[in-house]
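>>> Got a sequence here, can you model it:
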Amino acid sequence: MKVTPATLVGKHVTLEPLSQAHCSDLQEAAGDLHQLWYTWVPHPNDVAAEIDKRNAQAAAGRMVPFAVLTPDGRAVGMTTYMNIDQTAPRVEIGSTWYARSVQRTPLNTNAKRLLLAHAFETLECIAVEFRTHALNHQSRRAIERLGAKPDGILRNHMKMPDGNMRDTAVYSILNTEWPVIRIHLDFQLSKQR
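Take a look at the predicted model:
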């Protein structure tokens with residue numbers, strides 16, 4: 001499996017390969033999200049460097065970063081295929097953040113629907129993983145609403161920018177679960193305007 005940049009288009013969102021062309025919109029979208037203690041979002045002044053960092057990881061074959069765009073073409077966040085295991089094959093969908101203005105809207109459901117379909121139907125992954133801070137209850141609820149199942153908690157898994165250790169909640173969706181989850185997500189999206 002070779003994961004290459006692609007543009008994924010849905011009703012509520014477009015995911016396109018992340019570039020510096022998205023920088024200005026993403027600086028505005030980031031706003032004060034960098035102040036959240038349980039996740040990492042770049043400070044608006046650091047967005048350009050974060051784009052370069054993710055694209056360097058992409059050039060090394062370790063991730064495929066996307067800009068998250070509203071239907072009018074405004075970049076409102078980032079998401080990434082990461083921890084790519086080409087032999088299994090499997091990916092993690094992570095390093096995701098959205099502007100406050102689009103949180104709890106159909107945008108996230110549609111974005112995850114596009115990423116999951118691409119992972120299972122194009123890349124032929126056997127599993128897609130999600131990870132978040134164990135105390136990030138908003139993120140955990142969103143992952144569970146997708147239909148992902150908990151795999152467990154990795155205790156003292158990583159050091160946060162403030163020096164504290166993070167316990168990481170791990171979830172996954174298997175390829176055998178994808179057909180039912182696809183129906184579930186399509187149903188959710190049909191109810192959202």
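>>> Mind jotting down where the strands sit in this structure?
Assignment of strands within the chain using DSSP state E yields the ranges 8-9, 14-17, 63-69, 75-85, 90-98, 127-133, 149-159, 165-174.
>>> who touches the first one?
Strand 8-9 is contacted by residues 14-16, 66, 114-115, 118 when judged by C-beta atoms under 8 Å, 6 or more residues apart in numbering. (Each C-beta comes from the backbone N, C-alpha and C, glycine too.)
>>> which residue sits closest to residue 79, ignoring its sequence neighbours?
Spatially, and ignoring its direct neighbours in sequence, residue 79 is nearest to residue 96 (4.1 Å; C-beta to C-beta, 6 or more residues apart in numbering).
>>> which residues touch the residue of the chain positioned farthest from its centre?
Using C-alpha atoms, centre = their mean, the residue of the chain lying farthest from its centre is residue 163. It sits 23.7 Å away. Under the criterion of C-beta under 8 Å, 6+ apart, residue 163 has no neighbours.
>>> Kindly report the same for residue 77.
26, 29, 67-68, 96-99, 102.
>>> Kindly recompute the last result at 10 Å.
13, 15, 22, 25-26, 29-30, 33, 41, 66-70, 96-99, 102-103, 107-108, 111 (C-beta atoms under 10 Å, 6 or more residues apart in numbering).
>>> ok, now how distant is residue 173 from residue 189?
16 Å (C-beta to C-beta, to the nearest Å).
>>> And the two? Which one has more around it.
Per other C-beta atoms under 10 Å, whichever of residue 173 and residue 189 has more neighbours is residue 173, with 25 against 16.
>>> Tell me the spacing between that one and residue 68.
20 Å.
>>> what about the chain, any weak spots by pLDDT?
Within the chain, the stretches with pLDDT under 70 are 193.
>>> hmm, back to that, list buried residues within the contacts of residue 77.
13, 15, 22, 25-26, 29-30, 33, 41, 66-70, 96-99, 102, 107-108, 111 (16 or more other C-beta atoms under 10 Å).
>>> Pull the number of nearby residues for residue 24.
13.
>>> my guess is it contacts residue 51, does it?
No: with contact defined as C-beta atoms under 10 Å, residue 24 does not count as touching residue 51 (11.1 Å).
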